[in-house]
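A.B. asks: here's my sequence, what's the structure:
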Amino acid sequence: MAASPADSPVDPLVGSSVGGGASESPAFADVAYREAVVDLLGVIAYGELSAFERLADDAKLAPNLEDKVALSAMAAAEFGHLEPLKRRLGELGADPFAAMAPFRKPIDEFHEHTAPSDWFEGLVKAYVGDGLAADFYREIAAYLDTDTRDLIIASLADAGQSEFVVDRVRAGIASDARLGGRLALWGRRLMGEALSQAQRVAAERDALAAFLAGGVDRPGLDLAAIGRMFNRLTERHTERMSRLGLDS
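C.D. replies: Numbering: from 1, shown residues only. The predicted structure follows:
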């Protein structure tokens, strides 16, 4: 989900060739901007690695072989997103593993706090929780140079979980009416935990916080824009819950 037209910055950045043939925006001449992009790519990269590990674990909860293979394929797709992010971090002069390291603890803690208790909770988390994180990073990407924005959007592309999860969750609710109420509560918990984590990560990283605040020659997010952004995140969450047949 990109920022709305009212909040989207005008993008005057035009890519240019630099050493080694890498395409890079003039924005990277600003050290603070480069540091913010490295942080953002680092957190997304570790998020992809974490999603791969979690989906592979959740596949063990699958009720049948077909579902186990489907979730394993989703895990493989998440892992496939990691390499382009690592490559871009290297092009920016950053160690990809060092860039990911600061985000290991908060992301691991988020997954510990939201560990699913069964197959259906795992499915809802893959769809709702990951969807919220992806929406948040897409919102921030709207303020970046074109190459970085395109890379982030590609990295956050649906790994195939949408239709699969919707089909399985709706079928589960149809066969057990009580399941819907439990999963609705689970979805609300995921919403709160995901937003808290996103706010915490942004606040704790000086480069990201400064980038979001903007500067004299670069637009940022003021309080009103932040409010509208979180309204959009909430609306997207409500849409996803509705598709699953759940109250938000």
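
A.B. asks: now the helices for this protein?
C.D. replies: Using DSSP state H, the helices of the chain run over 31-58, 65-80, 82-91, 96-100, 104-113, 119-124, 130-141, 146-155, 161-175, 177-204, 206-213, 223-243.

A.B. asks: closest one to Ser25 among those helices?
C.D. replies: helix 146-155 (6.5 Å; C-beta to C-beta). C-beta here means a position set from N, CA and C on the backbone, and glycine is covered the same way.

A.B. asks: need the residue in this structure that's farthest from the chain's center.
C.D. replies: Distance to the chain centre peaks in the chain at Ser175, reaching 31.5 Å (criterion: C-alpha atoms, centre = their mean).

A.B. asks: from Phe120, how far off is that one?
C.D. replies: Ser175 sits 11 Å away from Phe120 when distances are taken as C-beta to C-beta, to the nearest Å.

A.B. asks: again, but for Glu91
C.D. replies: Separation of Glu91 from Phe120 (C-beta to C-beta): 41 Å.

A.B. asks: so for these two, which sits in the more crowded spot?
C.D. replies: Neighbours per residue, other C-beta atoms under 10 Å: of Glu91 and Phe120, the larger number sits with Phe120, 22 against 16.

A.B. asks: ok, and the closest non-adjacent residue to the more buried one?
C.D. replies: Nearest non-adjacent residue to Phe120, counting by C-beta to C-beta, 6 or more residues apart in numbering: Gly172, 5.4 Å away.

A.B. asks: list the contacts of the residue nearest to Ser242 when sequence neighbours are not counted.
C.D. replies: Spatial nearest neighbour of Ser242, chain neighbours left out: Ser248 (7.1 Å); criterion: C-beta to C-beta, 6+ apart. By C-beta atoms under 8 Å, 6 or more residues apart in numbering, the contact set of Ser248 is Ala184, Gly187, Arg188, Met191, His237, Thr238, Met241, Ser242.

A.B. asks: number of nearby residues for the residue nearest to the fourth one when sequence neighbours are not counted?
C.D. replies: Right, the one you point to is Met191. Distances taken as C-beta to C-beta, 6+ apart put His237 closest to Met191, at 5.4 Å, once the chain neighbours are dropped. Counted with other C-beta under 10 Å, residues neighbouring His237 total 22.

A.B. asks: so how far is Arg88 from Asp147?
C.D. replies: For Asp147, the distance to Arg88 - C-beta to C-beta - is 8 Å.

A.B. asks: looking at these two now, which is surrounded by more residues?
C.D. replies: Between Asp147 and Arg88, Arg88 has the larger neighbour count (other C-beta under 10 Å), namely 21 against 18.

A.B. asks: for Phe120, report the pLDDT, please.
C.D. replies: pLDDT recorded at Phe120 is 96.
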